[in-house]
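1. here is the input, now give the coordinates:
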Amino acid sequence: MPYLDIQGRICGFMNFEQDEESGRFFRRYFVISLEDDCILCYMDNPTNLPGAARRPILEIQLTNISNARIAEKQRPKVEYCFVVTTAKRDFYFQADNHRDMEDWVNRINNASKITVPSSVAPGGTLPLGDKNGGDARAVSYKTEVVGGVVIRTPVQTGLSESDSDEEVNLYTRGTPSSPHSPTHAAGTMDKVTARLFPGRNIIQSGWCVKQGAVRKSWKRRYFILDDQGISYYKSDQEKLPIRMIPLKEISSCKVAEHGPSIQRDNLFEIISAGRTFYVQAYSPGEMASWVDSISNAIGTKKKGLEQSMFVNRMEGNTYL
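-> Residues are numbered from 1 along each chain as shown. I've put the predicted structure just below:
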C-alpha cells in the first residue's frame, strides 16, 4: 500500500505494464515526488539498490497527467487495475487490492492537480486562515496528515512550457490555501487589474488552468475577458498577454464535452476557428460564470458587427 517515506513522499510497490499494450506487468517501486514534479519508477526501493542503480527507470511528469482512474473495462482480466492518462500514452498499473487501487488513484489525481492561487482580501489582508504572511496570491499550499497532525506547507513553484514552447512560465501545485474565489465576476475588477489596464472595458478576470497546445501539459494562467476578446497572461502583474483570442474568432464557449482522456472538474472549452482551448475553472460556479460571460460577450460582439454592416449598407444606398 502507498505510504510516506522519510522525505514525506508517497511511495510503494505496484505492478506496472512497462511496454505499452503488452499485457505483461512487472513489480516496480514508485515514488510520487512533488519536488521533482514526477512519478518516479524504480526496479526496487532505492534504499535497497547500489548507487549506480538508484536512478529511476521511468519518469511521468505530473503536469502531463490528465487523470488517473480505475480501468476495469480497459483491462477486465487484470484485477485491481487502474490507468494514468497523459497526452502521449496511457500507463496501466495493478495494485495489490481494491483499497490500495483507490488510494493510488486518489493520490495521483491530487498530486497532478494544478491549483490557482488565492486572492488577497480587500485592504491587502491575507485570506481567512492564512497566518504565515507573505503574498497569498503567489503561494499555494499542500496539506498532509502526518502522525495524526495536520501539516500545511508552501509548495514551491516550478517551470513549465508556454503555449508556443518559447516562453517559460510559472505554475503552482497543491491544495487551495483558501476557499475564497480567485475569479472576479462580470462587471468587476480586482485592484491590480484595474491599475494595470486603466480605461479597459474588462468584463471578467481571474485565474484558471489551461491545457497547452503542443505538449498538452496544464498550466496556471491569468485570464482577462473584455469587449474585444479573451487574453491570458503568465501572472496577474503582466501587461503583455501570452495570447489574445478575438471575440470575432470565437464561435462558442460551453462546458467541455470531453472523453476519458480529459477528466477534470469545472472544465470548459473556448472554440475558435483554429483551435479549441480547454480551460479549468476554480469551482463549478466560476466555470458557469466564465461560460456565461464569454457567451454573452460573443453575442454582443456579433450584434455590433451586424449593426455596423447594416449601417454601412444603408449609407451605401444613400449615395447611390
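2. which residues sit against stretch 81-93?
-> Around stretch 81-93, the neighbours that count as contacts under CB atoms under 8 Å, 6 or more residues apart in numbering are 14-17, 20, 25, 39, 60-61, 64-72, 74-75, 78, 94-95, 101, 104-105, 108, 215-217, 260-261, 263. C-beta: built from backbone N, CA, C; applies to glycine.
3. pLDDT on it, on average?
-> For stretch 81-93, the mean pLDDT works out to 91.
4. now do the same contact list for Leu305.
-> Lys248.
5. and it, which of the three is it?
-> Classification of Leu305 using DSSP: H, G, I helix; E, B strand; the rest coil returns helix.
6. and it, how far is that from Pro246?
-> Distance from Leu305 to Pro246, counting by CB to CB, to the nearest Å: 11 Å.
7. which of the contacts of stretch 81-93 fall in strands?
-> 14-16, 39, 60-61, 65-70, 94 (DSSP state E).
8. find the nearest non-adjacent residue to Lys301, please.
-> Spatial nearest neighbour of Lys301, chain neighbours left out: Leu247 (4.1 Å); criterion: CB to CB, 6 or more residues apart in numbering.
9. quick check: buried residues in stretch 15-23?
-> Buried residues in stretch 15-23, counting neighbours by 16 or more other CB atoms under 10 Å, are found at 15-17.
10. over to stretch 92-101?
-> So stretch 92-101, judged by 16+ other CB under 10 Å, has buried residues 92-95, 100-101.
11. then stretch 53-60?
-> Across stretch 53-60, burial judged by 16+ other CB under 10 Å covers 56, 60.
12. same thing with stretch 40-49?
-> For stretch 40-49, using 16+ other CB under 10 Å, the buried residues are 40-43, 46.
13. look up how far Arg55 lies from Cys11.
-> 16 Å.
14. for the protein, give me the ranges with low pLDDT.
-> 114-192, 194-195, 258-261, 263, 310, 315-320 (pLDDT under 70).
15. which residues of it fall in helices?
-> Under the criterion DSSP state H, the chain contains helices at 98-112, 191-196, 284-319.
16. tell me which of these sits most buried.
-> Among those, ranked by average contacts under mean count of other CB atoms under 10 Å, first place goes to helix 98-112 (a mean of 18).
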